[in-house]
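Chemist: fold the stuff below for me.
(one chain, ligands or ions: 1)
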Amino acid sequence: MAERIPMFAGNWKMNLSLEESERLISQIKDGITNLEGVGVLVSPPFTSLPDVKRALGESEIRLAGQNLHWESSGAYTGEISAGMLVEAGCTHVILGHSERRTLFGETSEMIDLKVKAALGAGLTPIVCIGETLEEREGDRTFDVITEQLDGSLKNFREGKIMPSSTILAYEPVWAIGTGKTATPEQAQEVHQFIRQWVSENFDGETANDVRILYGGSVKPENAKDLMSKPDIDGALVGGASLKAELFIPIIRFRES
Ligand code: 13P
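Modeler: Predicted structure coming up:
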């Protein structure tokens with residue numbers, strides 16, 4: 001069985017100027033030289049992608065878009081296609097983030113179309129799922145996760161194949177930007193459930209290979225404990241990914 005290499009993805013959301021972005025990339029590069037056995041990715045706003053790509057240079061750090069439109073071109077004012085992300089240097093794209101779902105009305109059906117478009121352009125999708133506090137308190141976490149997975153990965157289910165490079169990210173909405181992290185046990189319980197869903201809908205090998213990241217108030221102080229859980233394969237980091245002094249120790253969790 002192949003071992004899953006942990007991945008740490010920085011979701012910058014709508015933050016950082018070009019100058020701040022370049023400075024941060026240079027600090028991250030310096031902070032992880034010679035570090036092996038982890039994947040690192042940053043996801044800046046669209047307008048910063050080409051500059052960040054240039055700043056990354058020959059580094060192994062990967063670049064992701066924060067969203068895309070499923071059509072390849074056309075009259076879609078304000079939208080960006082998968083091909084445009086590839087042209088800007090992206091290898092990955094974050095899809096279905098809860099902020100897209102709740103603030104911009106994205107549905108699992110739309111996310112499914114986006115996943116398909118990403119794959120078609122050669123991008124690896126990072127598909128986000130997660131329950132709200134109300135859903136957790138109403139004991140609906142597993143139903144919501146199942147609904148989101150069923151809907152957002154419908155085209156994989158219909159084709160009965162899920163590329164093992166696909167990355168899933170469990171981000172409980174109540175833990176995003178709130179300082180309230182899921183305990184490692186709470187996160188592990190849901191991650192295990194997600195892996196089981198992959199196994200049931202595809203096969204054991206795919207379930208073993210797919211990386212499941214945790215997101216929601218990840219910081220240097222909690223990264224190691226979260227990473228000690230067998231089904232947590234890395235983190236999708238928001239606020240703490242904007243500061244090198246926080247993001248680097250998260251990436252270097254093994255040394256803390
Ligand atoms: P925070 O790390 O700021 O809670 O954000 C998590 C997130 O939404 C990453 O996609």
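
Chemist: next, the contact list for whatever residue of the stretch 151-256 of the chain ends up closest to the ligand, please.
Modeler: As assessed by CB to the nearest ligand atom, the ligand sits closest to G238 within the stretch 151-256 of the chain, at 2.2 Å. In this view, the C-beta of every residue, glycine as well, is placed from N, C-alpha and C. Counting by CB atoms under 8 Å, 6 or more residues apart in numbering, G238 makes contact with 11, 13, 176-177, 215.

Chemist: against L213, how distant is A187?
Modeler: 10 Å (CB to CB, to the nearest Å).

Chemist: what's the neighbour count on the residue lying closest to M14 once chain neighbours are set aside?
Modeler: Distances taken as CB to CB, 6 or more residues apart in numbering place P45 nearest to M14, at 5.9 Å, with adjacent residues excluded. Number of residues near P45 (other CB atoms under 10 Å) recorded here: 16.

Chemist: which strands and helices sit next to the helix ranked longest in the chain?
Modeler: If you go by DSSP state H, the chain has its longest helix at helix 184-201. Helix 184-201 sits against helix 141-152, strand 167-170, helix 204-209, strand 211-215, helix 220-227, with contacts defined as 3 or more CB pairs under 8 Å, 6 or more residues apart in numbering; DSSP states H and E.

Chemist: now with 6 Å, please.
Modeler: Counting contacts by 3 or more CB pairs under 6 Å, 6 or more residues apart in numbering; DSSP states H and E, helix 184-201 packs against strand 167-170, helix 204-209, strand 211-215.

Chemist: so which of these gets nearest H191?
Modeler: strand 211-215 (4.9 Å; CB to CB).

Chemist: what residues does the stretch 51-200 of the chain put near the ligand?
Modeler: 97, 171, 176-177 (CB under 6 Å from any ligand atom).

Chemist: circling back to that earlier point, what's in contact with the longest helix of the chain?
Modeler: Residues outside helix 184-201 that contact it (CB atoms under 6 Å, 6 or more residues apart in numbering): 142, 149, 157, 168, 170, 206-207, 210, 212, 214, 225-226, 229, 231-232.

Chemist: compare those residues and tell me which has the most neighbours.
Modeler: Counting neighbours by other CB under 10 Å, Y214 leads the contacts of helix 184-201 with 31 neighbours.

Chemist: and the gap between W12 and H97?
Modeler: Taking CB to CB, one finds W12 at 12 Å from H97.

Chemist: more neighbours, the two?
Modeler: H97 (28 against 22).

Chemist: and the nearest residue to the more buried one once chain neighbours are set aside, which of the three is it?
Modeler: Nearest residue to H97, sequence neighbours excluded (CB to CB, 6+ apart): C128, at 4.7 Å. Under the three-state scheme (DSSP: H, G, I helix; E, B strand; the rest coil), C128 adopts strand.
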